[in-house]
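# one predicted model, sequence on top.
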Amino acid sequence: MSDIILSVDGLVVEYATDGYAVRPLDGFSMEAGAGELVGLLGPSGSGKTTLLSVLSGMIPATAGSVRMQELDVLGLRGTALQDYRRNRIGIVFQGFNLIPSLSARENVAAPLLVAGTSKAEALRRADQLLEEVGMADRRDHKPKQLSGGQQQRVAVARGLVADPPLLLADEPTANLDLISAESVISLLRGLREAGRTIIISTHDNRLLPAIDRIVEMAPSDQAPDSAPESIELAAGDTLFRQGDVSDFVYEIVSGEVDVVREQVDGSEEHLATLTSGNYVGELGPLLGFPRSATVRARSSAELTPLTVQEFKLQGLDRATGN
């Protein structure tokens with residue numbers, strides 16, 4: 001088994017949106033070994049880009065730990081954080097982020113020049129990396145003269161300019177056709193054979209066979225096949241909490257439930273009180289999103305859980321009068 005180079009434990013990221021507490025990552029944990037190509041798989045909003053931003057030191061975390069080899073990444077500040085971002089990690093952006101006025105060679109050399117490396121040394125390193133990614137014959141071309149796949153190869157070369165042990169790539173094939181995507185993922189697989197750990201975020205299922213380890217950012221089974229017959233709650237009992245994984249839609253048979261949304265300051269905003277005959281919690285399972293609010297019983301209540309399919313069929317029956 002590969003030596004563990006990256007360890008993430010209990011990571012929580014919370015931020016405010018219109019005063020509400022949003023947690024794209026809530027207790028997330030993972031490991032990555034040296035020489036592994038790890039894929040972060042999940043839909044938009046599942047926390048993939050947030051995780052990469054924390055790993056790169058771009059945004060702070062609310063709780064948890066991130067260790068890169070011997071470094072406590074979340075504890076880095078000032079020059080130590082700058083050194084980590086400059087020398088220990090490389091970043092490949094979804095949109096390439098190449099400077100249009102610079103050649104491929106100059107784009108790759110730019111981070112070294114900004115860090116104070118001599119021009120001759122920076123260009124020598126750029127030439128070496130462009131050779132490694134198969135772009136040596138395009139080194140003097142500007143981004144607009146390159147295809148999407150070629151631009152991504154240049155972006156990968158730039159991410160490797162400091163020879164980091166960890167390379168982070170955010171949706172590296174999102175803007176590429178099938179042939180270009182295969183070319184880029186083949187390149188990444190080859191790079192990890194030198195012992196680099198590569199972590200990519202993706203929702204592109206074409207890449208799954210080429211990935212060494214898949215980390216599910218959201219549970220894949222969000223639509224259960226069957227539901228219990230009924231649920232009974234006493235006053236004050238919680239049906240589900242904001243941020244929970246969505247499972248069932250609930251029909252209120254009797255009693256009342258309150259729908260509340262947690263605020264950043266710890267308070268709650270009352271959104272609605274629902275009574276018998278109403279549904280609650282339908283949007284999460286239908287859209288594949290976590291729960292956006294907390295539901296608890298105002299009085300003793302009985303609810304019938306429904307799978308998404310049962311909910312759709314029940315709605316159709318009511319619409320047709322059956």
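On my side now, so go ahead.
# tell me where the stretch 151-300 of the chain has helices.
178-192, 283-287 (DSSP state H, counting those that start in this stretch).
# how far off centre is the first one?
It stands for helix 178-192. Relative to its chain's centre, helix 178-192 lies at 20 Å (C-alpha atoms, centre = their mean, to the nearest Å).
# save the helices of the stretch 151-300 of the chain as CSV, and put in mean neighbour count and mean pLDDT too.
Every C-beta, even on glycine, is put in place using the N, C-alpha and C of the backbone. As requested, the helices of the stretch 151-300 of the chain are exported to CSV (neighbours: other C-beta atoms under 10 Å; pLDDT from 0 to 100):
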stretch, mean neighbour count, mean pLDDT
helix 178-192, 17, 83
helix 283-287, 17, 85
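# which stretch among these comes nearest residue 238?
For those, proximity to residue 238 was assessed by C-beta to C-beta; helix 283-287 is nearest, at 15.0 Å.
# so which elements touch the closest one?
Counting contacts by 3 or more C-beta pairs under 8 Å, 6 or more residues apart in numbering; DSSP states H and E, helix 283-287 packs against helix 308-320.
# average pLDDT across the helix it packs on?
Helix 308-320 carries an average pLDDT of 70.
# quick one: which of the helices of the stretch 151-300 of the chain is nearest residue 313?
Nearest to residue 313, of all the helices of the stretch 151-300 of the chain, is helix 283-287, at 13.4 Å by C-beta to C-beta.
# starting at the chain centroid, how far to that closest one?
19 Å.
# and the contacts of it?
Defining contact as C-beta atoms under 8 Å, 6 or more residues apart in numbering, one finds that helix 283-287 is touched by 222-223, 246-249, 289-292, 307-308, 311.
# may I have it as PDB, with CA atoms only?
Output in PDB follows, covering the C-alpha atoms of helix 283-287 (Å, rounded to 0.1, in the frame of the first residue of the first chain):
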ATOM      1  CA  LEU A 283     -36.800  19.000  -2.800                       C
ATOM      2  CA  GLY A 284     -33.700  17.300  -1.400                       C
ATOM      3  CA  PRO A 285     -34.400  13.800  -2.700                       C
ATOM      4  CA  LEU A 286     -35.800  15.100  -6.000                       C
ATOM      5  CA  LEU A 287     -32.700  17.200  -6.700                       C
END
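# check contacts around the closest residue to residue 171 other than its chain neighbours.
Once flanking residues are discounted, residue 171 sits nearest to residue 94: 4.2 Å by C-beta to C-beta, 6 or more residues apart in numbering. Counting by C-beta under 8 Å, 6+ apart, residue 94 touches 170, 171, 172, 174, 175.
# between those, which has the most around it?
Among those, residue 172 has the most neighbours (other C-beta atoms under 10 Å), with 28 neighbours.
# now do the same contact list for that one.
By C-beta under 8 Å, 6+ apart, the contact set of residue 172 is 92, 94, 152, 156, 184, 185, 188, 200, 202.
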